[in-house]
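[1] Generate a structure from the sequence data that follows.
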Amino acid sequence: MKIFYSEAHQNHHPPFEVFDGGLRVPYLENPDRMDRILSALRGVEWAELCEPTDFGLDPIHAVHDREYIDFLASAWTEWLDTASEDKTTLLPATFALRRTPQKPKSLLGRAGYYIMDLSACIVEGTYRAALASAHCAMSAAEAVAGGERSAFGLCRPPGHHAGRDFAGGYCFINNAAVAANWLASVGKVALLDIDYHCGNGTQDIFYKRDDVLTISIHADPDFEYPHYAGFKEEKGSGRGFGFHHNFPLPSGTDDTAYLKTLNEALELIRTYKPESLVVSAGMDIYADDPLGSIKVTTAGIGEIGRCVASLNLPTVIVMEGGYNNDALGRNVVSFLGEFK
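    Just a heads-up that it's a prediction; the model follows:
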């Protein structure tokens with residue numbers, strides 16, 4: 001299996017994030033995650049590490065607002081020119097409710113307009129890392145379009161919380177959406193998100209479209225981030241109605257219960273009859289993940305992979321979350337091993 005990976009992710013290493021209640025903690029979405037995954041992949045004979053191709057900005061602009069991408073590109077240098085006493089990371093203190101279309105001119109105003117929460121921290125290397133991450137997903141999509149049965153975009157930062165014009169949840173550019181949108185130009189695509197958290201950014205991007213079937217299996221937003229999207233009743237709008245499906249799960253969901261829900265989701269994909277599949281693969285469904293409450297085992301993650309692979313579709317797998325670094329590598333290998 002071709003694994004597309006870029007060292008550019010190392011440039012995105014915020015010194016902290018802010019948890020609920022205002023607690024500063026070390027950034028959980030850190031470069032060590034990639035080191036653990038790479039170490040595990042180098043231990044199997046079927047993983048072929050590849051450098052991504054630079055596809056430029058066109059595939060990114062196809063799913064993201066141009067002014068939002070311009071903000072990501074310039075935010076750090078603008079931040080350095082401010083009078084802030086702490087310039088270690090750009091984080092706004094005021095966030096837009098998006099009930100009016102007015103966009104502020106100031107940097108912090110725009111940051112609050114374009115950033116959803118206090119985990120989407122911007123540092124010097126964030127934009128470069130986000131671009132490289134998107135190129136990893138695009139390279140995997142190109143490989144699959146070229147005849148590979150599966151390919152893996154080892155993406156960091158992740159992407160599925162990034163909407164058309166907002167960052168959030170460690171995500172800046174929606175890697176899976178960029179890949180799925182590109183594949184949709186040549187055939188029907190389904191996008192399955194198995195991350196612990198709802199893929200609210202992916203939902204935002206495709207919600208009014210009928211050329212990509214989007215499905216997210218995640219912890220119920222009644223108690224879990226992102227709180228304001230991911231409910232079962234959200235099924236798309238306009239021409240996109242019926243082309244989006246959320247499967248919110250209760251805390252404590254185990255292997256058996258998860259796989260039962262997954263089978264429902266897979267039946268929707270079979271009925272849709274796509275020509276290719278994109279999987280947002282979050283390993284934070286793992287039982288001992290520090291940010292999760294779903295209790296899927298490593299063996300269960302492998303079984304999820306087996307079930308998804310049984311669709312027998314050309315499949316682009318895109319790395320999303322997963323924050324138990326000790327288990328992250330073996331969980332990724334357990335999942336990917338079913339596609340080799």
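[2] Relative to the lengthiest strand in the chain, what are the paired strands and their orientations?
    Among all segments of the chain classified by DSSP state E, the strand with the greatest residue count is strand 212-219. Partner strands and pairing direction for strand 212-219 (DSSP bridges) are strand 189-193 (parallel), strand 244-249 (parallel).
[3] Could you check those and tell me which one is nearest residue 238?
    Nearest of the strands paired with strand 212-219 to residue 238, taken as CB to CB: strand 244-249 at 11.4 Å. For the C-beta atoms, the positions are set from N, CA and C on the backbone; glycine is no exception.
[4] So which bits of the closest one are buried?
    When burial is assessed from 16 or more other CB atoms under 10 Å, strand 244-249 yields the following buried residues: 244, 245, 246, 247, 248, 249.
[5] can you pull the contacts of the third one?
    Contacts of residue 246 were listed using CB atoms under 8 Å, 6 or more residues apart in numbering, and they are 198, 203, 215, 216, 218, 230, 231, 232, 234.
[6] Selecting buried members of those in PyMOL, what would you type?
    Restricted to buried positions by 16+ other CB under 10 Å, the PyMOL selection for those reads:
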select buried, resi 198+203+215+216+218+230+234
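[7] pLDDT score for residue 102?
    If you check residue 102, the pLDDT there is 83.
[8] Quick check on it: phi, psi?
    The phi and psi torsions at residue 102 (degrees, to the nearest 10) take the values phi -70, psi 130.
[9] Distance of it relative to residue 162?
    Distance of residue 102 to residue 162, given as CB to CB, to the nearest Å: 22 Å.
[10] What of residue 54?
    When CB to CB is the yardstick, residue 54 and residue 162 sit 19 Å from each other.
[11] I'd like the strands paired with strand 212-219 as JSON lines, with mean pLDDT and distance to residue 156 appended.
    Supplementary listing: the strands paired with strand 212-219 in JSON lines, determined by pLDDT from 0 to 100; distance: least, CB to CB, whole Å:
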{"stretch": "strand 189-193", "mean pLDDT": "99", "distance to residue 156": "17"}
{"stretch": "strand 244-249", "mean pLDDT": "98", "distance to residue 156": "25"}
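[12] so can I have JSON lines of those showing distance to residue 119?
    As requested, these are exported to JSON lines (distance: least, CB to CB, whole Å):
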{"stretch": "strand 189-193", "distance to residue 119": "18"}
{"stretch": "strand 244-249", "distance to residue 119": "21"}
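[13] Could you work out which of these reaches nearest to residue 134?
    Of all those, it is strand 189-193 that lies closest to residue 134, at 15.0 Å by CB to CB.
[14] who's in contact with the closest residue to residue 111 other than its chain neighbours?
    Nearest residue to residue 111, sequence neighbours excluded (CB to CB, 6 or more residues apart in numbering): residue 92, at 3.9 Å. With contacts defined as CB under 8 Å, 6+ apart, residue 92 is in contact with 108, 109, 111, 112, 115.
[15] 6 Å instead?
    Contact partners of residue 92, counting by CB atoms under 6 Å, 6 or more residues apart in numbering, are 108, 111, 112, 115.
[16] And for residue 62?
    In this structure, residue 62 makes contact with residue 181, judged by CB under 6 Å, 6+ apart.
[17] how close does it sit to residue 85?
    With the distance defined as CB to CB, residue 62 ends up 39 Å from residue 85.
[18] ditto for residue 44
    Relative to residue 85, residue 44 is positioned 48 Å away (criterion: CB to CB).
[19] And the strands in this protein?
    So, for the chain - with DSSP E - the strands run 2-4, 17-18, 24-25, 48-50, 150-153, 189-193, 212-219, 244-249, 276-281, 315-319.
[20] Just the local confidence number for residue 238, please.
    pLDDT, residue 238: 98.
[21] and the closest residue to it other than its chain neighbours, how many residues sit next to it?
    In space, and not counting its chain neighbours, residue 238 is closest to residue 208: 4.7 Å by CB to CB, 6+ apart. Per other CB atoms under 10 Å, the neighbour tally for residue 208 reads 14.
[22] wait, what's in contact with residue 208?
    237, 238, 240.
[23] before we move on, the earlier item: could you redo the contacts of residue 92 as JSON lines and give each row distance to residue 253, pLDDT and neighbour count?
    Formatted as JSON lines, the entries for these read as follows, by distance: CB to CB, whole Å; pLDDT from 0 to 100; neighbours: other CB atoms under 10 Å:
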{"residue": "108", "distance to residue 253": "39", "pLDDT": "93", "neighbour count": "17"}
{"residue": "111", "distance to residue 253": "35", "pLDDT": "95", "neighbour count": "24"}
{"residue": "112", "distance to residue 253": "34", "pLDDT": "94", "neighbour count": "18"}
{"residue": "115", "distance to residue 253": "30", "pLDDT": "97", "neighbour count": "24"}
